[in-house]
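Participant: Using only what follows, build the 3D model:
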Amino acid sequence: MKALIIGCGIAGPVTAMALREVGVEAEIFEAYGQSAENVGSFLNLASNGLAALRTLGAHRTVLEPAIPTPRMVMWSGSGKRLGEVANGLRLDDGTVSHTVLRSDLYRTVRDEAARRGIQVTYGKRLVSYDDHGGGVTARFEDGTEATGDLLIACDGVHSHTRSILDPQAPAPRYSGLYSFGGIVKDTSLPGEPGVYNMVFGKRAFFGYTVADSGETWWFANLPRRLGDVPESWKAELVRAFEDDANSSAQLVSRSEVGPALPIHDLPPVPVWHRGRVLLLGDAAHATSPSSGQGASLAVEDAVALARCLRDSADHREAFGRFEAERRPRVERVVAYSRTISNSKAAGPVGRVFRDLMLPLFLKKSASQESLAWMYRYQASL
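Facilitator: Predicted coordinates:
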């Protein structure tokens, strides 16, 4: 059996590795003409995602450039400590959730896939496919074709494959937030290594962690109408944080601010698969980054799909089992993450209510067991 994998972000290479573990050949086709180096800022790779990578023997290479971040402390814009929650659960070997540059994660999973003999072809933008019963043929913008037994779409929240599979599929929905990030060396910002400080500011949300090296990794979520672009995003961010009782405005002013990225997620997608074609990762269930679960869910998907293909009579049974297993979990995570995003985009009245209620919520969530449903999922072959 051979699978054509569309997309070489995070989901694509990990899916290819998982499929090879169960004897399915995989080839990756990436739309862009080069690898995704220097794309995005950084992301959380939660303990459940690392557990899934460990199943594939791929977690150590991912951890090398990452920094451990097992805890989160919440603050108000006025400087009040609101509470603390765990960022994931410690694995049996002591591994905790980590923060990693998105480009480093792309690179490490792509290089690990290549080391295992998986071919990646760049400049192959999918325009259509033909599911002809005995196989599926992918057609690319450059006029070339590829044929395999399965087509697995790992092409992200704005998946073109999803729109071909189901022209009525819901479009990505804008969260109301733009995301930014940066890394600053030698800052005086207080912070304990391994701890994410999350600040619900008066006008925007700010998060940062301090690495052992002394670098401060920060991100910001700015409420904004989609397409409303100011003359300077950096100046806009400084203004958003200048009245908060912390050093976020000064940190942003010292930073090279990354690109403004509008945050989208997906409402429930009715059709995940049809015939020999399956959506996986963000193409099926994109979540906002507020839960820190996007990459982890994609890795879980990869392992679950490989197991379902190995243990099923044919691809139809496998795809059905995969969806039945994964849909309830991922849709719960998407809904949970959207709730958090909405709190970041709260208006003046909503901010007052949020800051009053958040300490109560955090106190209830202080036990690791409160989020065990999210972090204790076991993706195994």
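Participant: what's the span of stretch 222-233 from first residue to last?
Facilitator: Taking Cα to Cα, to the nearest Å, the first and last residues of stretch 222-233 lie 10 Å apart.
Participant: unless I'm mixing things up, residue 325 is touching residue 304, no?
Facilitator: Yes - Residue 325 is in contact with residue 304 according to Cβ atoms under 8 Å; the separation is 5.8 Å. Bear in mind the C-beta positions are built from the backbone N, C-alpha and C, glycine included.
Participant: Counting neighbours, go ahead and name the busier of those two.
Facilitator: residue 304 (23 against 17; other Cβ atoms under 10 Å).
Participant: What residues of whichever helix or strand the more buried one is part of count as buried?
Facilitator: For residue 304, the enclosing helix or strand under DSSP states H and E is helix 294-311. Judged by neighbour count (16 or more other Cβ atoms under 10 Å), helix 294-311 contains these buried residues: 294-309.
Participant: State the next helix or strand along the chain beyond it.
Facilitator: According to DSSP H and E, the helix or strand after helix 294-311 is helix 315-344.
Participant: Check which helices and strands that following helix sits against.
Facilitator: For helix 315-344, the elements it packs on are strand 173-184, strand 216-223, strand 261-265, strand 273-274, helix 282-285, helix 294-311, helix 348-365, helix 372-375, judged by 3 or more Cβ pairs under 8 Å, 6 or more residues apart in numbering; DSSP states H and E.
Participant: Show me what the shortest one pairs with in its sheet, parallel or antiparallel.
Facilitator: Looking at strand 273-274 with DSSP bridges, its paired strands and their directions are strand 277-279 (antiparallel).
Participant: And the contacts of the partner strand?
Facilitator: For strand 277-279, the surrounding residues in contact (Cβ atoms under 8 Å, 6 or more residues apart in numbering) are 129, 131, 136, 150-153, 159, 161-162, 165, 269, 272-273, 305, 319, 322.
Participant: how about a cut-off of 7 Å?
Facilitator: The contact list for strand 277-279 (Cβ atoms under 7 Å, 6 or more residues apart in numbering) reads 129, 131, 136, 150-153, 159, 161-162, 165, 269, 272-273, 319.
Participant: what do you get for stretch 19-30?
Facilitator: With Cβ under 7 Å, 6+ apart, stretch 19-30 has contacts from 1-8, 12-13, 16, 56, 116, 118-122, 124, 138, 140, 146, 306, 309-310, 381.
Participant: follow-up on the earlier one: distance between the helix holding residue 304 and the chain's centre?
Facilitator: Relative to the centre of its chain, helix 294-311 is centred 15 Å away, using Cα atoms, centre = their mean, to the nearest Å.
Participant: by contact count, what packs against that helix?
Facilitator: Applying 3 or more Cβ pairs under 7 Å, 6 or more residues apart in numbering; DSSP states H and E, one finds that helix 294-311 makes contact with helix 11-21, strand 42-45, helix 47-55, helix 282-285, helix 315-344.
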